[in-house]
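Trainee: okay, here's the prediction I keep looking at, along with the sequence it came from:
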Amino acid sequence: MHLNEFRKPQDIDRVIKFLKKIDRKIKIMEVCGTHTMAIAKSGIKGLLPENIKLISGPGCPVCVTPSEEIDAILELCRKNRDLIITTYGDMMKVPGTNVGESLEKLRALGSDIRIVYSALDAVEIAKNNQDREVVFLGIGFETTTPGTILALEEAINNNINNFYIYSMHKLVEPALRALLEQPDFDIDGFICPGHVGAVIGEEGFRFLVDEYKKPSVICGFEAGDILIGIFKIINQIINNDVKLENEYKRVVKTEGNKIIKEKVEKYFKVSDDLWRGIGLIKNSGLKLKKEYEKFDAITRFNITLRENNKTTACRCGDVIKGKIEPNECSLFGRLCTPENAVGPCMVSSEGACAAYYKYLQF
């Protein structure tokens, strides 16, 4: 099948007719937040029969950042008033443990917190403010790690000594393994993230079929891509033919991007990391190696995470794990809206709650 064929309404209609003939319940998880938003925006869920469910997974980097990490960032701002914090915009409204506290609120109170569109912007800010220290909040999965690496190399090559990285980068495979190991995990197949696949390659998702026997398709982000992926996953299920398929061959290669993978290995060490809703996952995070600790904000500012046992009615963690849909949370659309978000799933442009609120709630 070719994507161009599925840009025609009549071909999409054939796929939908096929899917509506399926008489068994099937649950498919899309792992990527960009897929979540694309599915909601394009109306794909409304085209599917009720027995075929698309469930959002832990694919939004802002959403999976735990409250302990957010609290540590906020404390860093409060204790270091001359510090310049640089971050992607999605992080600004993520609330900490204390109700109403966020980077946006601290900026309103005078903290120097700046939104950047790339990690290199943060290095440029450090160049222009050499009398002040600048911290870049490095967040995201394998896809955004290369941008952080570019910034690190720029700082190294230009001997910039007032630039630091707070690495919160995470790896997709350990998180999926953690979900799959849960006894009540009942997902039948996976739509695998194309952006991550461009870095780690097809082989990065091989474990899903070899070890866990879950039908899996690497997908792009157009409606046609996603429908093809759903079609292929269901074909595997009904034919009992579990395999890994790459629908996104125009971007994702078998081995991935070797250059990026080598650079990640050069600058970062794999470490245990906390995930919102899931907890501590072994070997799921990336921290700067010791030889680059002069650029490490965690070392420079002695950042430690404090255990957070505070309970909340927000069920963002259950949404991330695919246990509930956003509208099953009692706060959704009532106390929790994009303008007054209680949890990060409603804040991020890739969050399942934000996607549901914007495109699906009515």
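Mentor: Looks like it came in fine.
Trainee: quickly note the distance from the residue lying closest to Y166 once chain neighbours are set aside to L180.
Mentor: In space, and not counting its chain neighbours, Y166 is closest to A297: 4.0 Å by C-beta to C-beta, 6 or more residues apart in numbering. C-beta here means a position set from N, CA and C on the backbone, and glycine is covered the same way. Distance, A297 to L180, by C-beta to C-beta, to the nearest Å: 33 Å.
Trainee: next one: N302
Mentor: Applying C-beta to C-beta to N302 and L180 gives a distance of 36 Å.
Trainee: can you name the farthest residue from the center of this protein?
Mentor: Largest separation from the mean C-alpha position in the chain: D131, at 34.1 Å (C-alpha atoms, centre = their mean).
Trainee: point out where the stretch 251-362 of the chain drops to low pLDDT.
Mentor: 361-362 (pLDDT under 70).
Trainee: go again using 90 as the cut-off
Mentor: Along the stretch 251-362 of the chain, segments meeting pLDDT under 90 span 306-313, 338-342, 348-350, 360-362.
Trainee: give the contact list for D121.
Mentor: Contacts for D121 (C-beta atoms under 8 Å, 6 or more residues apart in numbering) come out as T86.
Trainee: so it, which of the three states?
Mentor: helix (DSSP: H, G, I helix; E, B strand; the rest coil).
Trainee: now R114
Mentor: strand.
Trainee: again, but for S284
Mentor: Quick answer, by three-state DSSP: S284 is strand.
Trainee: which residues of this structure fall in strands?
Mentor: Applying DSSP state E to the chain gives strands spanning 26-30, 52-56, 84-87, 112-115, 134-140, 163-169, 189-193, 216-219, 244-246, 268-275, 279-288.
Trainee: could you list the buried residues of the lengthiest helix in the chain?
Mentor: Determined from DSSP state H, the single longest helix within the chain is helix 223-238. Residues of helix 223-238 classed as buried: 223-234, 236-237 (neighbour count, 16 or more other C-beta atoms under 10 Å).
Trainee: same list (those) but as a markdown table, adding pLDDT.
Mentor: What follows is the buried residues of helix 223-238, written out as a markdown table (pLDDT from 0 to 100):
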| residue | pLDDT |
| --- | --- |
| A223 | 89 |
| G224 | 87 |
| D225 | 90 |
| I226 | 93 |
| L227 | 92 |
| I228 | 90 |
| G229 | 94 |
| I230 | 95 |
| F231 | 93 |
| K232 | 95 |
| I233 | 97 |
| I234 | 96 |
| Q236 | 96 |
| I237 | 96 |
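Trainee: between the residues you listed, which is nearest N161?
Mentor: D225 (44.7 Å; C-beta to C-beta).
Trainee: what's opposite the residue nearest to that closest one when sequence neighbours are not counted in the beta bridge?
Mentor: Residue nearest to D225 in three dimensions, not counting chain neighbours: C219, with 4.9 Å by C-beta to C-beta, 6+ apart. On the basis of DSSP bridges, C219 is bridged to P193.
Trainee: neighbours around C219, how many?
Mentor: The burial count assigned to C219 is 31, neighbours taken as other C-beta atoms under 10 Å.
Trainee: now do it against G256, distance only.
Mentor: 16 Å.
Trainee: what of E339?
Mentor: Taken as C-beta to C-beta, the span from E339 to G256 is 39 Å.
Trainee: neighbour count winner among those two?
Mentor: Neighbours were counted for E339 and for G256 using other C-beta under 10 Å; G256 has more, 19 against 7.
Trainee: list the contacts for the more buried one?
Mentor: So G256 contacts 197-204 (C-beta under 8 Å, 6+ apart).
Trainee: could you do C77 as well?
Mentor: C77 sits in contact with 83, 85, 103, 106, 111, 113, where contact means C-beta under 8 Å, 6+ apart.
Trainee: do S348 as well
Mentor: S348 touches 33, 60-63, 90, 94, 354, counting by C-beta under 8 Å, 6+ apart.
Trainee: redo the residues you listed as CSV? Include distance to R315.
Mentor: Listed next are the contacts of S348 as CSV, based on distance: C-beta to C-beta, whole Å:
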residue, distance to R315
G33, 17
C60, 15
P61, 19
V62, 16
C63, 12
D90, 20
V94, 16
A354, 15
